[in-house]
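# A predicted structure for the sequence below; I have some questions about it.
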Amino acid sequence: MLSSSSLDNSAETTAGGFALWTLNGKYGAMRNNDPRYTAAWKPFFTRINQIASKYQLGQGGTILLQQIENEFCCQRQHDGSLNTPLVDYMVALQNNTRENNVIVPLLTNAPNQNSKSWSTDYLPGPGQQDLYGVDSYPACWSCNLEECGLKEVTFNVVNYHDHFNQVSPTQPSFIPEFQGGSYNPWGGPQGGCPANLGPEFVNVFYRHLAAERITMASLYNLTPMAATNLVGTSYDYSAPIQESRQISDKYYETKILGLFFRAAQDLAMTDRIGYSTSYTNVSTVAATELRNPDTQAAFYVTRHDVSASQDVTDFKVNVATSAGNLTIPQFAPSVRLSGRQSKIVVTDFNFGDHTLLYSTAEILSHSIIDSKSIIALWLPAGESGEFRIKGGSAKHEVISGTGGGFHLVGGDLVVSYTQTKTQGVLQFDNFRVLLLPRTLAYRFWAPSLSTDPIVSPDQVIFASGPYLVRSLTLDGMYAVVTGDLDDTTGLEVFPPSKVTHIQWNGKTVATERTSYGSLKAKLAKPGVDAAAVQQSLSLSNWKYSDALPEKSASYDDSNWLVADHTTTSNPTKPQTLPVLYSDDYGFHTGVQIFRGRFNGSASGAAINIQGGTAFGWSAWLNGDFLGGFPGNIKDSSNSQTLSFANSTLSTTGENVLTIVMDHSGHDQRADALLPRGILGASLVSSDNATFSKWTLAGNAGGESNIDPVRGAIAEGGLYAERLGWHLPDFDDTKWASRDPSEGVDGATVGFFRTISDINLPKGYDAAFELILTAPAGSLLRAQLYVNGYQYGKFVPQVGNQIAFPIPPGILNVRGSNVVGLSLWSQTADGAKVSLEWNVLGVYESAWDPGFDAKALQPGWGEERLQFA
């Protein structure tokens, strides 16, 4: 595995992952040799390296590489001289890593091909890394294509080979982050943008990595990440594994290519011979030739020369084999590319003791059972394939399904066929060939009997049919298979001959042996379906309390921090004093509440607030709503002059202006220091009245992290959050009964709570999500909490996400769940929302999602009362 100790992780969390307490400016610009920043990062970095050293390769662990910085440029200035502040920083990171006994190679991934920094091969110098890598998101890292300067997904592949030849020719070509999906920003489509990055993207772009002779690549991401209050979505990322934990065609397309890479052992060492349309007999299709210099096995990665082409094109391939130069196929109809598609044609492909001189069908996997090989090939149904067995085979028999034509050529045997919708099985002298359509290849699995990451084919057992196969072991006469089912399916296993029975998820199932030696069983449809589980769920008996007592002038905020700083280390200086930057007072996430006092007459207040993209704010004077900013996808700050004309001012006593700001997270990299909070606040007053005092509330405990299980960014500063109303065990029995669909009256914040029981039967897994909706035109901000975790942010005037998947561990699938909802109306008209369960799928499963998650869900305690 690759371990990262990087202090910056860019897009995935607020401030790109910088420690939030460093955002007040006291530690300089960060990511340089400033001694203040060095003193800040060393304790953390030291501890991370000490931990990593125990689990690295050579010490009984699995850490192969250590990443010490992330997407970090630039080692040199434009004139070629060293960029000393950055170089010193990198050297310090390296030294700390080595001083703490990390011995594996170190790397820093480049953000793009322009930086060309830190390589031992290209302008080497201090700070150079053991391994150079560059990140790549060819279809845009964001569902908002404008962030990448695009109007549509171009589907254009990237030239990596020349870049690595220039920058790191003596090193493995490494892409630490290759596009597995795209993040969904505020304003992005509900559910992300999977259409931009579906199976056809995987098919073309992942094969293109092989064509460009990429030695190593890490998909970013294979699985999604859930967000709290930091981005507009729950970050499904359109990844192969969905946020709901479900898998679909994109995952299966990724899997079948992974199986090929494992089976194609000669691909591990190849030279890139060239790329040209001359490899084919049509001008619109090209191929890249990769050749193993030792075995002469070759791989021709074919695609449309214009990778975005959606044409259907038939072609033949000109290949060089150990039997000479050939144009293939020789007997079957031409190879076909159906639009955005790529195929890998192999020559001199070795499997066990056998060789395919060529195959125009794609290799899926290889297994050796009872000392005999089984090789699986696949094609889309209806397309034709051809393979040539070097040395021929006296026996060539179709023993199941549809075969094809057999042709003797120069002592070899050529098999040509058209792939049907069913599996074909061909028997040769000492091996079998499985012919699979794409639909069956998707649900074809090749689990290993070994835990060794270098999988030998004699440790591979084929199994096909289920939605997911998690494991396969052999126990005497039993093939013990675990996995997940989504429907009635057949299960076919290709075990050794001594195995006569199948166990599926702990139960022996009726098994029959086929004429070609496999075992088959029929697995019944799961006994529980999504509709039944959906019907059993309820969100009712809601309790309600007002959750903005701070808007009243009489509210006691004597326990709050007094915002009285007259200077700040932040490079952005305030427009007025005192400093009202929340980070300067130790509050870095979520909602923050400011209360300003003044005496005397005033007709309004000029307020300038910065909260980040999609932020919003509202203001009240002595409990009367003044207005605010509902938020949008463009403005990270907002300036207004609020009128007091419709408010009641005290002429003899103190007036209190309450401002509630929804903090949407810090920007990344250098912009992480852009302040959050009030940039300027002054009264519009004929007698020069000024604010006499400001107080500030944020998340309970500020930087003290009072909930280390859920983490420091799990909460903001709403009254309900500070007092722990969202936590299990909070007593709401004295609250009124009220449903979120009844909403809140006027401009205010309310909090709703209920208990929702789920009783998913044992032996099943399910994907649950909560759906939040509101009437058209609503201006509101709602936050969803499940068992104390903030698990969704709903701002309909800014973002489109309404669905929030909740995984086991956060959710008790066999037990009670505390569901909380904060509802902030940003207009005097009030606001209402609807909240309902949605069951995305139910699966019979070997994995138990009903584990005891109590340790992950600490409850309410009286210490919360101090944060009122």
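Looks like it arrived, so ask away.
# surely residue 524 is in contact with residue 488?
Yes. Assessed by Cβ atoms under 8 Å, residue 524 is found in contact with residue 488 at 6.1 Å. Quick note: C-beta positions are derived from backbone N, CA and C, even for glycine.
# so how far is residue 432 from the residue lying farthest from the centre of the chain?
Distance from the C-alpha centroid of the chain, by Cα atoms, centre = their mean, peaks at residue 652 (57.1 Å). Going from residue 652 to residue 432 by Cβ to Cβ, to the nearest Å gives 96 Å.
# same check on residue 236?
41 Å.
# ok, residue 625 next?
Residue 625 sits 76 Å away from residue 432, going by Cβ to Cβ.
# cool, and residue 239?
In terms of Cβ to Cβ, residue 239 sits 35 Å off from residue 432.
# just residue 67 next, same as before
43 Å.
# show me which of these two is the more surrounded one.
Of the pair residue 67 and residue 432, residue 432 is the one with more neighbours under other Cβ atoms under 10 Å, namely 22 against 19.
# let me know the secondary structure of the more buried one.
Classification of residue 432 using DSSP: H, G, I helix; E, B strand; the rest coil returns strand.
# is it true that it touches residue 515?
No. If you go by Cβ under 8 Å, residue 432 and residue 515 don't touch, sitting 11.3 Å apart.
# picking that back up, quickly find the element holding the residue farthest from the centre of the chain.
Here residue 652, judged by DSSP states H and E, is contained in no helix and no strand.
# spatially nearest residue to residue 572 (excluding sequence neighbours)?
residue 675 (5.4 Å; Cβ to Cβ, 6 or more residues apart in numbering).
# quick one, phi psi at that neighbour?
Main-chain torsions, residue 675, degrees, to the nearest 10: phi -70, psi 160.
# list the contacts of it.
Applying Cβ atoms under 8 Å, 6 or more residues apart in numbering to residue 675 gives the contacts 568, 570, 572, 574, 581-584, 610.
# and the residues you listed, which of them are buried?
568, 570, 574, 581-584, 610 (16 or more other Cβ atoms under 10 Å).
# so which of these is the closest to residue 447?
Looking at those and their distance to residue 447, the nearest is residue 583, at 49.6 Å (Cβ to Cβ).
# next, the closest one: phi, psi?
phi -60, psi -30.
# wait, isn't it in contact with residue 26?
No. Contact criterion Cβ under 8 Å: residue 583 and residue 26 do not qualify, at 9.8 Å.
# burial check on the spatially closest residue to residue 1 that is not a sequence neighbour, number of neighbours?
Distances taken as Cβ to Cβ, 6+ apart put residue 62 closest to residue 1, at 5.1 Å, once the chain neighbours are dropped. For residue 62, the count of nearby residues is 11 (other Cβ under 10 Å).
# which residue lies nearest the spatial centre of this protein?
residue 224 (2.7 Å).
# am I right that it is in a strand?
No. With three-state DSSP as the criterion, residue 224 is assigned coil and is not in a strand.
# residues contacting residue 677?
580-584, 592, 594, 609-611, 661.
# how close does it sit to residue 792?
25 Å.
# residues of the longest helix seen in the chain that come out buried?
The longest helix of the chain (DSSP state H) is helix 35-53. Residues of helix 35-53 classed as buried by neighbour count (16+ other Cβ under 10 Å): 37-38, 40-41, 45, 48-49, 52-53.
# farthest pair within these?
37 and 53 (23.7 Å).
# which parts of the stretch 401-550 of the chain are strands?
Taking DSSP state E, counting those that start in this stretch, the strands of the stretch 401-550 of the chain run over residues 404-409, 412-418, 424-428, 431-437, 444-445, 462-464, 468-475, 478-485, 489-494, 501-504, 507-509, 512-513, 519-523, 543-546.
# again, but for the stretch 601-750 of the chain
604-610, 616-621, 624-629, 637-643, 655-662, 677-684, 691-697, 736-737, 749-759.
# contacts made by stretch 622-635 with the rest, please.
185-187, 551-553, 609, 613-620, 638, 640, 642-644, 646-650, 655-656, 662, 746-747, 779, 781, 795, 797-799, 826-828.
# mind checking the end-to-end distance for that stretch?
28 Å (Cα to Cα, to the nearest Å).
# ok, stretch 190-207 next?
This stretch, stretch 190-207, spans 29 Å end to end (Cα to Cα).
# give me the distance from it to the chain's centre.
Taking Cα atoms, centre = their mean, to the nearest Å, one finds the center of stretch 190-207 at 14 Å from the center of the full chain.
# sketch out the low-pLDDT regions of the protein for me.
For the chain, the stretches flagged by pLDDT under 70 are 11-12, 225-235.
# nearest spatial neighbour of residue 462, skipping sequence neighbours?
Distances taken as Cβ to Cβ, 6+ apart place residue 494 nearest to residue 462, at 4.1 Å, with adjacent residues excluded.
# got it, and residue 40?
residue 27 (4.8 Å).
# quick one, helices of the stretch 151-300 of the chain?
Taking DSSP state H, counting those that start in this stretch to define them, one finds helices in the stretch 151-300 of the chain at 161-167, 199-201, 207-211, 249-263.
# residues contacting residue 38?
By Cβ under 8 Å, 6+ apart, the neighbours of residue 38 are 89, 92.
# try 10 Å
27-28, 32, 45, 88-89, 92-93, 96 (Cβ atoms under 10 Å, 6 or more residues apart in numbering).
# and for residue 392?
Counted by Cβ under 10 Å, 6+ apart, residue 392 has contacts 406, 408-414, 428-429.
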